[in-house]
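In: Here is my input; please provide its structure:
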Amino acid sequence: MKKIIFLMTAIFFLAGCARIVTETAGKWDEKYLLLIEKGKTTAKDIVTAFGIPQKEIIGSNGRIWIYQNISNQFLLISGNPPATMETESFCLTLWFNNEGIVVDRNLAYSRLINRYVKEHAERLGAKEEVSK
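Out: Now for the predicted structure:
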């Protein structure tokens, strides 16, 4: 009987302290992706829409700009390190000629889900919060 009371108390304690936090870095407005035209869009247009690139590679034939948008969802349980539940990532790569005109572009997407952590969060009844 004491073991049952202890387990019930532990479950209620953990459920009250479990929460899900989402953090996003490098967020951009997706509507601007549709405005990028090869041979027409300039580096100035891109900076206006997306800001300064997170990575720049300069070569003799032009430059490459890279932008990333990453969103991570963590399960936080009091007294334990954060556990990553889900990661969603967009990577926009733009190639410019020496005149600063877009000559090519690529958008890569990936999503990783840790089903074990996600199921654990559901069992604990973790509440979702959004970090700013």
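
In: and the nearest residue to residue 25 once chain neighbours are set aside, how far is that from residue 41?
Out: Nearest non-adjacent residue to residue 25, counting by C-beta to C-beta, 6 or more residues apart in numbering: residue 70, 5.2 Å away. From N, CA and C alone the C-beta is placed, and that goes for glycine too. As judged by C-beta to C-beta, to the nearest Å, residue 70 and residue 41 stand 24 Å apart.

In: Compare the two (neighbour count), which wins?
Out: Neighbour count, other C-beta atoms under 10 Å: between residue 70 and residue 41, residue 41 has more, with 20 against 15.

In: Touching, the more buried one and residue 99? I think so.
Out: No. With contact defined as C-beta atoms under 8 Å, residue 41 and residue 99 do not form a contacting pair (11.9 Å).

In: hey, which helix or strand in this protein has the poorest pLDDT?
Out: Across the helices and strands of the chain, the lowest-confidence element by mean pLDDT, DSSP states H and E is helix 2-17, at a mean of 51.

In: what pairs with the helix or strand that that one is followed by, and is each one parallel or antiparallel?
Out: Using DSSP states H and E, the helix or strand that follows helix 2-17 in sequence is strand 19-25. Paired strands of strand 19-25, with direction, are strand 62-76 (antiparallel), strand 127-130 (parallel) (DSSP bridges).
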